[in-house]
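Colleague: Quick one, structure for this:
(one chain, ligands or ions: 1)
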Amino acid sequence: MLVLVIEDEVDLATTVEYALRTEGFQVRLAHSGKQGLAAATSEPLPDVIVLDLMLPDLSGTEICRRLRDQERTKNIPVIMCTAKGEEIDRVVGFEVGADDYVVKPFSVRELILRIRALLRRVNRVEGEPSLIRFGRLKIDRDAHRAWIDDAEIELTALEFRLLHAFVSRKGRVQTREALLSDVWGIEADVTTRTVDTHVKRLREKLGEIGGYVETLRGVGYRFKDQPDEDVA
Ligand code: CA
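Modeller: Here you go, the predicted model:
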């Protein structure tokens, strides 16, 4: 697995590189935005990109948009490194299109967990079986039915779409805006508060495992990337 790290702080980039190599990843480093774009499109293509938001020449958001615009790079998962208070909701939303983020200063361990979660998700998309299992939860995508253990959960069509959106994008940040567009349709005349109301109801119906849906304050939601052992 090849990780491209685009980061102008050389010390940080080197620390990340060392940690990733220790974990068995291959690493390509770029210290500017332009270098980063070139490194993102050279063979072999990276499997995941760690992208600093603040770079001297091109911003991380601009780079991310350009990656999304190109056929070869549009599906490469991107983790954005942001400083506190930067507009995380915009960065991980459909406006910019990063798949996840870490806030600086981040622990390298946290970054590696995020990378692994993204890679797991990407690699599982192939084939996409109708039946999805996640710990005690089972979802039949075609039949629009869901179970906890063997007990069926009574869900409205909208709640099912919401649950499916969470599970199929587990481990990734989902902003309220992205959920609105995916689950309700972008034209829907509802506000982001509506999303919260439905997430609350869905959590209640999921009972004990409602905790799989994590709230990211001011950003949105994230479905856990792995079921908890203690409730699974
Ligand atoms: Ca920087």
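Colleague: which helix of the protein spans the most residues?
Modeller: Criterion DSSP state H: the longest helix present in the chain is helix 108-124.
Colleague: Tell me which strands whichever helix or strand comes after that helix pairs with, and in which orientation.
Modeller: Using DSSP states H and E, the helix or strand that directly follows helix 108-124 along the chain is strand 131-134. Partners of strand 131-134 in the sheet, by DSSP bridges, are strand 137-140 (antiparallel).
Colleague: Show the average pLDDT along the partner strand.
Modeller: For strand 137-140, mean pLDDT rounds to 90.
Colleague: On the C-terminal side of that strand, identify the next helix or strand.
Modeller: Per DSSP H and E, strand 137-140 leads on to strand 145-148 as the next helix or strand towards the C-terminus.
Colleague: Pull out the buried residues from that next one.
Modeller: For strand 145-148, a neighbour-count test (16 or more other Cβ atoms under 10 Å) marks Ala146, Ile148 as buried. Using the backbone N, CA and C atoms, a C-beta is placed for each residue, glycine as well.
Colleague: Return the set of buried residues in the longest helix of the chain.
Modeller: Of all the residues in helix 108-124, those buried under the rule 16+ other Cβ under 10 Å are Val108, Leu111, Ile112, Arg114, Ile115, Arg116, Ala117, Leu118, Leu119, Arg121.
Colleague: what's the offset of it from the middle of its chain?
Modeller: 9 Å (Cα atoms, centre = their mean, to the nearest Å).
Colleague: now do stretch 212-219
Modeller: Counting by Cα atoms, centre = their mean, stretch 212-219 comes out at 12 Å from the chain centroid.
Colleague: what about it, start to end distance?
Modeller: Using Cα to Cα, to the nearest Å, one end of stretch 212-219 lies 17 Å from the other.
Colleague: So which residues make contact with it?
Modeller: 88-89, 92, 134-135, 137, 166, 173, 175, 199, 202-203, 206, 221-224, 227-228 (Cβ atoms under 8 Å, 6 or more residues apart in numbering).
Colleague: what's the answer for stretch 111-123, then?
Modeller: Stretch 111-123 is contacted by residues 1, 3, 16, 19-20, 23, 25, 47-48, 50, 75, 77, 79, 99-100, 102, 169-172, 225-226 when judged by Cβ under 8 Å, 6+ apart.
Colleague: same check, this time on stretch 24-36
Modeller: The contact list for stretch 24-36 (Cβ under 8 Å, 6+ apart) reads 1-8, 10, 13-14, 16-17, 20-21, 38-39, 46, 51, 55-60, 62-63, 115.
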